[in-house]
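Student: build the 3D model from these lines:
(chains A and B)
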There are 2 protein chains.
Amino acid sequence: MIDPPDGYGVRDDVRLDDVEAVRTLVAGTGYFNDDEVRIAAELVEERLARGAPSGYEFVLLDAADGSLAGYSCWGPIDGTACSYDLFWIAVRDDLRGAGLGRWLLRATEDRIAERGGGRVYAETSGRAQYASTRAFYERCGYLREAELTDFYGPGDAKVFYVKEIADRPDA
Amino acid sequence: MIDPPDGYGVRDDVRLDDVEAVRTLVAGTGYFNDDEVRIAAELVEERLARGAPSGYEFVLLDAADGSLAGYSCWGPIDGTACSYDLFWIAVRDDLRGAGLGRWLLRATEDRIAERGGGRVYAETSGRAQYASTRAFYERCGYLREAELTDFYGPGDAKVFYVKEIADRPDA
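Tutor: You can find the predicted model right below:
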């Protein structure tokens, strides 16, 4: 496992106060609508309620003051041999640009590789607003593999990114 | 709503005995592995346990003797404007070739259109074994829109089919 960035702590277990911390963090990025903010918080609640069988795993990064700086939510894709979903990744708005997202993604891939995962899928929107999200995945070695037109709504495609991690040269 | 095929009855509500009926039916088709059979039965359990908030809706076709002849499982896709997933569609092995699958798909699309749904997504495998499944969706007006290589496992792609139903000329 890679060390967390200087001044940050890493956790894999969600706590009750993460429900609100995740909701506030995700809403504060300006990238997600009300429905998405609700879903992000629900994934934390699902994990708290059902534990590992929920299928939702987390990597959480705490700032020095104990507040949530960013997190990822990921899990195995049911019915696949070794494919994993990156359900969510977000960094607090005032901490963007410091490489925390890249660290979170790398830490998530490490955990997936440790469990024998071979492929990580990340889905995002094709809208102009998400150009920086798509560029982020591409910088991190993800391949834009497929697209579903108008999936989220008219003019709002779903874009699938994938990274093979089974034999990562950088692992 | 279209009438069920002659000699069959249609239900939208799942019952406790559908858990086993679905498990047996899905296993008996020979198209699904143990994991998939388990998941098919779990979707019925989820619906029974959580009701509509489970997100799983059903169309069930009963034979004249009361046994389950086929069913579909569908639901809205969270975070989308009007996209729906066809999670499952299966017909009992000894009743194949009588158009029950086509009827179930049409009945499912009717229900989705009634709720204001605009797009129906169906996912299947790209393996040779599923050629008849893919041909079925294509005959029913579904477009093969995207593909994820090795998604289910090595050499086993996920194929996405979509049908726009908002302004169906045949509705």
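Student: ok, then the element right after the lengthiest helix in chain A?
Tutor: If you go by DSSP state H, chain A has its longest helix at helix A:34-50. Going down the chain from helix A:34-50, the next helix or strand is strand A:57-62, by DSSP states H and E.
Student: does the residue nearest the centre of chain A count as helix, strand or coil?
Tutor: Residue closest to the mean C-alpha point of chain A, counted by C-alpha atoms, centre = their mean, is A:Ile89 at 2.6 Å. The three-state label given to A:Ile89 by DSSP: H, G, I helix; E, B strand; the rest coil is strand.
Student: surely it touches A:Thr108?
Tutor: Yes: A:Ile89 is within contact range of A:Thr108, at 7.4 Å (criterion: C-beta atoms under 8 Å). The C-beta positions use only the backbone N, C-alpha and C, and glycine is treated the same way.
Student: so for these two, which residues contact both of them?
Tutor: Contact criterion C-beta atoms under 8 Å, 6 or more residues apart in numbering or on different chains; residues shared by A:Ile89 and A:Thr108: A:Ser72.
Student: can you get me a residue count around A:Lys163?
Tutor: 21 (other C-beta atoms under 10 Å in any protein chain shown).
Student: show me what contacts it?
Tutor: Here A:Lys163 is in contact with A:Glu109, A:Arg119, A:Val120, A:Ala122, A:Cys140, A:Gly141, A:Tyr142, A:Leu143 (C-beta under 8 Å, 6+ apart).
Student: in strands only, show me those residues.
Tutor: A:Arg119, A:Val120, A:Ala122, A:Leu143 (DSSP state E).
Student: got the residues of chain A near chain B?
Tutor: Listed as neighbours of chain B in chain A under the rule C-beta under 8 Å from any C-beta of the partner chain: A:35-36, A:39, A:77-83, A:118-119, A:121, A:145-154, A:156, A:160, A:162.
Student: for chain A, which segments count as helices?
Tutor: Going by DSSP H, chain A shows helices at A:18-28, A:34-50, A:100-114, A:131-139.
Student: look up which residues are beta-bridged to A:Val59.
Tutor: Judged by DSSP bridges, the bridge partners of A:Val59 are A:Ser72.
Student: ok, back up a step: could I get the contacts of A:Lys163 as JSON lines with neighbour count and pLDDT?
Tutor: Formatted as JSON lines, the contacts of A:Lys163 follow (neighbours: other C-beta atoms under 10 Å in any protein chain shown; pLDDT from 0 to 100):
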{"residue": "A:Glu109", "neighbour count": "24", "pLDDT": "98"}
{"residue": "A:Arg119", "neighbour count": "23", "pLDDT": "97"}
{"residue": "A:Val120", "neighbour count": "25", "pLDDT": "98"}
{"residue": "A:Ala122", "neighbour count": "25", "pLDDT": "98"}
{"residue": "A:Cys140", "neighbour count": "16", "pLDDT": "97"}
{"residue": "A:Gly141", "neighbour count": "16", "pLDDT": "97"}
{"residue": "A:Tyr142", "neighbour count": "21", "pLDDT": "98"}
{"residue": "A:Leu143", "neighbour count": "13", "pLDDT": "98"}
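Student: of these, closest to chain B?
Tutor: A:Arg119 (6.7 Å; C-beta to the nearest C-beta).
Student: and the closest one, bridged to which residues?
Tutor: A:Ser83, A:Glu164.
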